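J.: For reference, the sequence and a predicted model appear below.
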Amino acid sequence: ESWAGGSGEFGGWLPWRKNTPARGGLALGRPGSFTSSVGSFSNALRRKDGMFKRVSCLDQLYAQGTLALLALTDKAKAWALASNGCFPMNDEGPEGETQFSKYADIQGDPVMQNRVKFSSLKRHRRAIEKLLRSYNNDPSKLFDIARLAIIFDTLDDVYACLENISGDPEVEVVRIKNRLSLAHDSSGTAGYRDVNVNIMVQTDTTRITGTHMHICEVQLVLRSFANLKTAEGHKRYVRYRDFRAQ
């Protein structure tokens, strides 16, 4: 359910876009889901001699992630603004449910901006569990230390956001997991579906700070799935992943 490659090459893999003409320079015609090796991709640091080495220390990865998340959040705001994307708010609904607001409706309101619940770094405990269970204690393979989610009402908006990400000259798309594909076995994710995009944000600031090779995660989620997520439900999902040693 994943693909790895450069930006601008993933159009057409969304199942509802199978016969859609190419837009924004995207090459269409790929199947609903496809796989390619991601072995060459890992979080990296630039050495003094200009070469790169894999990050081998979890503390170093979190130091990178702290700065990378700031750049990722700025990018996500722009993508959400251009594609009707929403972010979760700190306010809860009458039944304790998470509220979502379109960024286009709140981006000019400082009060509402402060109420947006942007993502924080991945919890250390969960990162260590994944290191030991899935990645043979290789921190460079943790692609979701810096991560966030953008919520959408329609599939067209998801596609528009993918186009914006792909067309961003300061972004390198590393991997896509298309859990909205009809071929995706949702039993492995307890019924949950989204489009998971791993990217590197390569701005002047991230290059100066040495975080431009840090791989981040962007989750593109339909509101119909986001509305089903609860804190208790997430705990059950984590226990389910623990049972599967994931």
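T.: Arrived safely. Numbering: from 1, shown residues only.
J.: Apart from its neighbours in sequence, what residue is nearest the residue positioned nearest the centre of the chain?
T.: What sits nearest the mean C-alpha location of the chain, by CA atoms, centre = their mean, is Val218, with 1.5 Å. Of all residues beyond its chain neighbours, the one nearest Val218 is Val197 (4.6 Å), with distances taken as CB to CB, 6 or more residues apart in numbering. C-beta coordinates here come from the backbone N, C-alpha and C atoms, glycine included.
J.: Show the pLDDT at that neighbour.
T.: Note on Val197: pLDDT of 96.
J.: okay, now it: neighbour count?
T.: 23 (other CB atoms under 10 Å).
J.: So for Leu228, what pLDDT did the model give?
T.: At Leu228, pLDDT is 85.
J.: Give the burial count for it, as a bare number.
T.: 11.
J.: Checking it next. Helix, strand or coil?
T.: Assigned by DSSP: H, G, I helix; E, B strand; the rest coil, the conformation of Leu228 is coil.
J.: Backbone dihedrals for it, please?
T.: phi -90, psi -10 (degrees, to the nearest 10).
J.: Now do it against Gln99, distance only.
T.: As for Leu228, its distance to Gln99 is 14 Å (criterion: CB to CB, to the nearest Å).
J.: and the strand or helix carrying Tyr62, what other elements does it pack with?
T.: Using DSSP states H and E, Tyr62 maps to helix 58-82. Packing contacts for helix 58-82, counted by 3 or more CB pairs under 8 Å, 6 or more residues apart in numbering; DSSP states H and E, involve strand 86-92, helix 103-106, helix 124-134, strand 147-152, helix 155-167, strand 195-201, helix 204-209, strand 215-222.
J.: re the thing from before, kindly state the beta-bridge partners for the residue nearest to the centre of the chain.
T.: Leu148, Val197 (DSSP bridges).
J.: Now do the contacts for it.
T.: For Val218, the contact set (CB atoms under 8 Å, 6 or more residues apart in numbering) comprises Leu72, Ala76, Arg147, Leu148, Ala149, Ile150, Ile165, Asn196, Val197, Asn198, Ile199.
J.: Would you format those as TSV with distance to Asn84 included?
T.: Output for the contacts of Val218, formatted as TSV (distance: CB to CB, whole Å):
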residue	distance to Asn84
Leu72	19
Ala76	13
Arg147	21
Leu148	17
Ala149	15
Ile150	10
Ile165	15
Asn196	20
Val197	17
Asn198	23
Ile199	20
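J.: Just give me the closest of these to Lys141.
T.: When these are ranked by distance to Lys141 (CB to CB), Asn198 comes first, at 11.0 Å.
J.: For the closest one, give me its contacts.
T.: So Asn198 contacts Phe41, Phe143, Asp144, Val173, Val174, Arg175, Ile176, Ile215, Cys216, Glu217, Val218 (CB under 8 Å, 6+ apart).
J.: on that earlier part again, narrow the contacts of Val218 to those that are buried.
T.: For those, a burial check counting by 16 or more other CB atoms under 10 Å picks out Leu72, Ala76, Arg147, Leu148, Ala149, Ile150, Ile165, Asn196, Val197, Asn198, Ile199.
J.: Give me the phi and psi angles of the spatially closest residue to Asn227 that is not a sequence neighbour.
T.: Excluding the flanking residues, the one nearest Asn227 by CB to CB, 6+ apart is Glu97, at 6.8 Å. Main-chain torsions, Glu97, degrees, to the nearest 10: phi -80, psi 160.
J.: For the chain, give me the ranges with low pLDDT.
T.: Where the chain drops to pLDDT under 70, the residues are 1-42, 45-51, 95, 188-189, 230-246.
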